[in-house]
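> I'll drop the sequence and a predicted model, then ask my questions.
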Amino acid sequence: MEVVATATTCTSAIELAQTTKPDVVVLDVDLLREDKEEVIPALVNRYATRVLILSGARDGKMHDRAVLHGACGVVRKEAPPATPPT
């Protein structure tokens with residue numbers, strides 16, 4: 001995996017997706033100040049990228065909304081690390 005860009009706002013994430021064409025965008029929704037529910041469909045529909053949400057929220061409804069808006073899934077910050085296959 002290679003990190004091709006980092007963004008601090010939803011607007012810059014969308015702009016960077018246009019120029020870098022990432023396979024996957026990881027959005028930390030706890031750091032976003034803008035409308036989270038608009039950035040996900042913009043990334044998915046305009047640039048055909050997959051969006052994975054990183055969240056510390058315990059609100060399952062927020063996670064459900066993110067998936068409804070096009071996110072591939074949600075990873076909770078408290079989730080234990082996965083064990084690599086052997």
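Perfect, thanks for sending it.
> can you pull out the strands in this structure?
The residue ranges that make up the strands of the chain, judged by DSSP state E, are 24-28, 50-55, 73-76.
> export the last one as CSV, just CAs?
When you say that, I think you mean strand 73-76. The C-alpha atoms that make up strand 73-76 are tabulated as CSV, following Å, rounded to 0.1, in the frame of the first residue of the first chain:
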residue,chain,number,x,y,z
GLY,A,73,-17.1,0.0,5.2
VAL,A,74,-16.2,1.4,8.6
VAL,A,75,-13.1,0.7,10.7
ARG,A,76,-13.4,1.7,14.3
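> Listing partners with orientation, what would you give for it?
In the sheet containing strand 73-76, its partner strands are strand 50-55 (parallel), by DSSP bridges.
> quick check, distance from the partner strand to the centre of its chain.
On the basis of C-alpha atoms, centre = their mean, to the nearest Å, strand 50-55 is displaced by 3 Å from the centre of the chain it belongs to.
> Run the angle between it and strand 24-28 for me.
20 degrees (axes from the mean of the first three to the mean of the last three C-alpha atoms, to 10 degrees).
> Show me the shaky parts of the chain.
31-36, 79-86 (pLDDT under 70).
> Roughly how far does the residue nearest the centre of it sit from residue 42?
Taking C-alpha atoms, centre = their mean, the centroid of the chain lies closest to residue 27, which sits 3.0 Å from it. Distance, residue 27 to residue 42, using C-beta to C-beta, to the nearest Å: 11 Å. All C-beta atoms are positioned from the backbone trio N, CA, C, and that covers glycine.
> All set, thanks.
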